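Asker: no sequence on this one, just coordinates:
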């Protein structure tokens, strides 16, 4: 084939499933233990920082604060997952927007804690970002005017932070897409009902429920889809998986035949056990305590916030001064505007650079 | 400092901006390097603060797709970091693009060279399509060329996932001269075949050394296409007269490709004609193209390192990528093409805007001595 004669390394890359090349596969899969460890360490780090900030403001003041536990943080995030669903209903956003925003929210809190960033705002930003990354953009004005007590800045202020926390990895592989494929595929089975639409809708309910759990951070979209189908139509799901693993199949698929049932059971029990919205009263209690223990550096107007701002401003000032000196130096050298063609002197600040990072 | 901020600061430190190489409406491009290795990179700084809707769609598309795609013939996004309200994309540094190479009159293309560029283009595109991504803006100046001769598809600012059947997409994509007839007729349901048409027109341009179908307006574009390839019949392209923006263009006779591409081999013309089939469903796919006998026939494709190279280098590509972008509410095909024209002037001031309209009648062998 021509490809071989052209490529400088003539070896074609090894065959790899598309999913395994995705950022989701590479960067956003965890074991349940890893998830708890990450959440525990984020929580502990936040508590330490905030305690310190409190002490600076007023020594001894942190001892009376009751900080949130990792589970309480998770509970709050879960509540805002349900809010995304509500908002998507209001705006009539497609399924993909909703699923993507929920994924963004969950991923965000694997890099941040609710004590630094309240999920209410992060949720609004994650949803707005998801409309754009899934190619369903609406204007910020339309978005915010339809959400009570929300200003454009509430959404935009965090957009960068959210994008950064996601590692700018915007593409998400969704279980509901895998389910759609599955439902097309089962039509090849002899016992398949003539109308699979009903089946799809029934299984989709379980997938929506799974979004309230950690399933997508642990399992592949295809696994979650099969588990959802199995909850809706166990016999058909079983037949389908058998049909995909003929007895003479190569070793790798035999392996999955051995592990598949236990994975399916794990996902199904995850969906049935934790796939429900959190109890409003307990979330309200968590939110009340959050008001007292959130990071004062992030509360606009607080002493700690002002102190941090002042420090940032000081740094920026120093940088500007440094830049001004460099420009003066350049003027003294008789080359005030720079010359693109001239060799740049090493170490000279690039005064064409209009950013101040 | 938050963990996220800290991670960002560390990323930022990995890269050094050396020199501004260009500035566009909403991005500045720097030549830079990796601090630890000295590896050359292009840093595209997108000013985000000025958009009322936050991060803009073309930046989002570019980041979204390039984060996922890793292939020898697709530009590599090495890193993304933010500085204040700016988004910085660190891209691999590429010396030139196919447009500059085509326009450099001092270069002579052998059929084997063209075959090599085509093979690399199809390989990169096959990878995009395999990943269910439509590029939607293929043209010579979005095909960048590395110093080792490898061709890389760049500018994913208009890219999108394939839509599900029955899901509408905008037809206001692809720079006019490279835009397929179904989009010009306003089709809102289309496929990877739109990119293949673009590749076909690029293929022709590589042989002619000037744009093959340079329409002056969207209407004129259709006329230009039909003048070159004949007006499609209902049998050839069933249903095309029912497309939203269909207008009868008059009947132009089919002239054999051979009349214009006098020196091309039969394989070459066969592949070219399959890229330019009117009925999108019959147009060749990237995968089929890679298996086309053109690529296995003699002469074999040139090794990338042996391909003709520009003597002058252009550093401002990444900038052009930004300029080529379109805002989410208005995509002007006209605007884009105008941009294209402007860019051409920027990248290589040449006087061929006059000759372009008579492209079809030019004998390309004058510039391209084929064997």
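Answerer: Sure thing, it's come through. Note that the coordinates shown come from a computational prediction; the quantities given were computed from them, not determined experimentally.
Asker: A strand includes residue A:120, no?
Answerer: No. Counting by DSSP: H, G, I helix; E, B strand; the rest coil, residue A:120 is not found in a strand; it is helix.
Asker: Next SSE downstream of the longest helix along chain B?
Answerer: If you go by DSSP state H, chain B has its longest helix at helix B:111-130. As assigned by DSSP states H and E, the chain's next helix or strand after helix B:111-130 is strand B:133-134.
Asker: Smallest distance to chain A belongs to which residue of chain B?
Answerer: residue B:295 (2.7 Å; C-beta to the nearest C-beta). For every residue, glycine as well, the C-beta is placed using N, CA and C.
Asker: The host helix or strand of that residue packs against which elements?
Answerer: In this assignment (DSSP H and E), residue B:295 forms part of helix B:293-296. For helix B:293-296, the packing partners by 3 or more C-beta pairs under 8 Å, 6 or more residues apart in numbering or on different chains; DSSP states H and E come out as helix A:2-6, helix B:111-130, helix B:266-275.
Asker: would you list the ones you listed in CSV and tack on distance to residue A:276, mean pLDDT and mean neighbour count?
Answerer: Supplementary listing: those in CSV, determined by distance: least, C-beta to C-beta, whole Å; pLDDT from 0 to 100; neighbours: other C-beta atoms under 10 Å in any protein chain shown:
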stretch, distance to residue A:276, mean pLDDT, mean neighbour count
helix A:2-6, 52, 45, 20
helix B:111-130, 39, 97, 24
helix B:266-275, 54, 97, 19
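Asker: returning to that earlier point: show me how far the longest helix of chain B is from its chain's centre.
Answerer: 12 Å (C-alpha atoms, centre = their mean, to the nearest Å).
Asker: and what of stretch B:62-82?
Answerer: 16 Å.
Asker: still on that earlier bit, the longest helix of chain B vs helix B:266-275, what angle?
Answerer: 30 degrees (axes from the mean of the first three to the mean of the last three C-alpha atoms, to 10 degrees).
Asker: hmm, helix B:111-130 touching chain A?
Answerer: Yes. Contact of helix B:111-130 with chain A (C-beta under 8 Å from any C-beta of the partner chain) involves B:115, B:116, B:119, B:120, B:123, B:130.
Asker: Pull the contacting residues for the second one.
Answerer: Contact criterion C-beta atoms under 8 Å, 6 or more residues apart in numbering or on different chains gives A:6, B:301, B:302, B:303, B:304, B:307 as the residues in contact with residue B:116.
Asker: between these, which is nearest residue A:64?
Answerer: residue B:304 (68.6 Å; C-beta to C-beta).
Asker: Now do the contacts for residue A:84.
Answerer: A:98, A:101, A:102, A:105, A:123, A:126, A:127.
Asker: what's the nearest residue to it if we skip its chain neighbours?
Answerer: Ranked by C-beta to C-beta, 6 or more residues apart in numbering or on different chains and with sequence neighbours excluded, the top spatial neighbour of residue A:84 is residue A:101, at 4.9 Å.
Asker: so what's that neighbour up against?
Answerer: So residue A:101 contacts A:84, A:88, A:123, A:126, A:127, A:129, A:130 (C-beta under 8 Å, 6+ apart).
Asker: between those residues, which is closest to residue B:103?
Answerer: Among the contacts of residue A:101, and counting by C-beta to C-beta, the member closest to residue B:103 is residue A:129, at 40.0 Å.
Asker: now check the helix or strand where that closest one lies, is it near chain B?
Answerer: Using DSSP H and E, residue A:129 falls within helix A:119-133. Yes. Using C-beta under 8 Å from any C-beta, we find that helix A:119-133 touches chain B at A:128, A:129, A:132, A:133.
Asker: any idea of the mean pLDDT in that helix?
Answerer: Averaging the model's pLDDT scores along helix A:119-133 yields 96.
Asker: Return the distance of it from the chain's centre.
Answerer: 10 Å.
Asker: residue contacts, the most centrally placed residue in chain B?
Answerer: Nearest residue to the geometric centre of chain B (C-alpha atoms, centre = their mean): residue B:138, 2.2 Å. With C-beta under 8 Å, 6+ apart as the criterion, the residues that contact residue B:138 are B:121, B:125, B:153, B:174, B:178, B:195, B:198, B:199, B:202.
Asker: any idea which of these is least confident?
Answerer: At the low end of pLDDT for the contacts of residue B:138 is residue B:174, which has 94.
Asker: out of everything not next to it in sequence, what's closest to residue B:149?
Answerer: The nearest residue in space to residue B:149 (C-beta to C-beta, 6+ apart) is residue B:304, at 3.2 Å.
Asker: Go ahead and confirm that neighbour touches residue B:120.
Answerer: Yes. Counting by C-beta atoms under 8 Å, residue B:304 touches residue B:120, with 7.2 Å between them.
Asker: Helix or strand for the closest residue to residue A:73 other than its chain neighbours, just tell me which one.
Answerer: Excluding the flanking residues, the one nearest residue A:73 by C-beta to C-beta, 6+ apart is residue A:114, at 4.7 Å. Under the criterion DSSP H and E, no helix or strand holds residue A:114.
Asker: So what's the residue count around residue A:114?
Answerer: 27 (other C-beta atoms under 10 Å in any protein chain shown).
Asker: Can you read off the pLDDT for it?
Answerer: So residue A:114 comes in at 93 (pLDDT).
Asker: repeat for residue A:147
Answerer: At residue A:147, pLDDT is 93.
Asker: gap between it and chain B?
Answerer: Computed as C-beta to the nearest C-beta, to the nearest Å, the residue A:147 to chain B distance reads 15 Å.
Asker: Report the buried residues of stretch B:294-306.
Answerer: Judged by neighbour count (16 or more other C-beta atoms under 10 Å in any protein chain shown), stretch B:294-306 contains these buried residues: B:294, B:295, B:300, B:301, B:302, B:304.
Asker: now, among those residues, which is nearest to residue B:98?
Answerer: residue B:304 (12.8 Å).
Asker: Backbone dihedrals for that closest one, both of them.
Answerer: Main-chain dihedrals, residue B:304, degrees, to the nearest 10: phi -50, psi -40.
Asker: ditto for residue B:107
Answerer: The phi/psi pair for residue B:107 (degrees, to the nearest 10) is phi -100, psi 140.
Asker: Show me what from the stretch 151-300 of chain A comes close to chain B.
Answerer: Counting by C-beta under 8 Å from any C-beta, the stretch 151-300 of chain A sits next to chain B at A:152, A:155-156, A:159-161, A:163-165, A:167-171.
Asker: please redo it, this time with the cut-off set to 6 Å
Answerer: Selection of the stretch 151-300 of chain A residues close to chain B by C-beta under 6 Å from any C-beta of the partner chain yields A:156, A:159, A:160, A:164, A:165, A:168, A:169, A:170, A:171.
Asker: mind listing which of the residues you listed are in helices?
Answerer: Going by DSSP H, the helices hold A:156, A:159, A:160, A:164, A:165 from these.
Asker: Take those residues and lay them out in a markdown table including neighbour count and pLDDT.
Answerer: Shown next, in a markdown table, are those (neighbours: other C-beta atoms under 10 Å in any protein chain shown; pLDDT from 0 to 100):
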| residue | neighbour count | pLDDT |
| --- | --- | --- |
| A:156 | 22 | 89 |
| A:159 | 20 | 91 |
| A:160 | 20 | 89 |
| A:164 | 23 | 91 |
| A:165 | 25 | 94 |
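Asker: nearest to residue B:283, of the residues you listed?
Answerer: Distances from residue B:283 to those, taken by C-beta to C-beta, are shortest for residue A:159, at 39.6 Å.
Asker: The closest one reaches residue A:124, doesn't it?
Answerer: No. Using C-beta atoms under 6 Å, residue A:159 is not in contact with residue A:124, being 9.9 Å away.
Asker: Quick check: chain neighbours aside, which residue is closest to residue B:66?
Answerer: In space, residue B:66 is closest to residue B:77, 3.7 Å off (C-beta to C-beta, 6+ apart).
Asker: to the chain's geometric centre, what's the distance from stretch A:166-182?
Answerer: That offset, for stretch A:166-182, works out to 12 Å (C-alpha atoms, centre = their mean).
Asker: Over to stretch A:158-171 now: how far is its first residue from its last?
Answerer: 19 Å (C-alpha to C-alpha, to the nearest Å).
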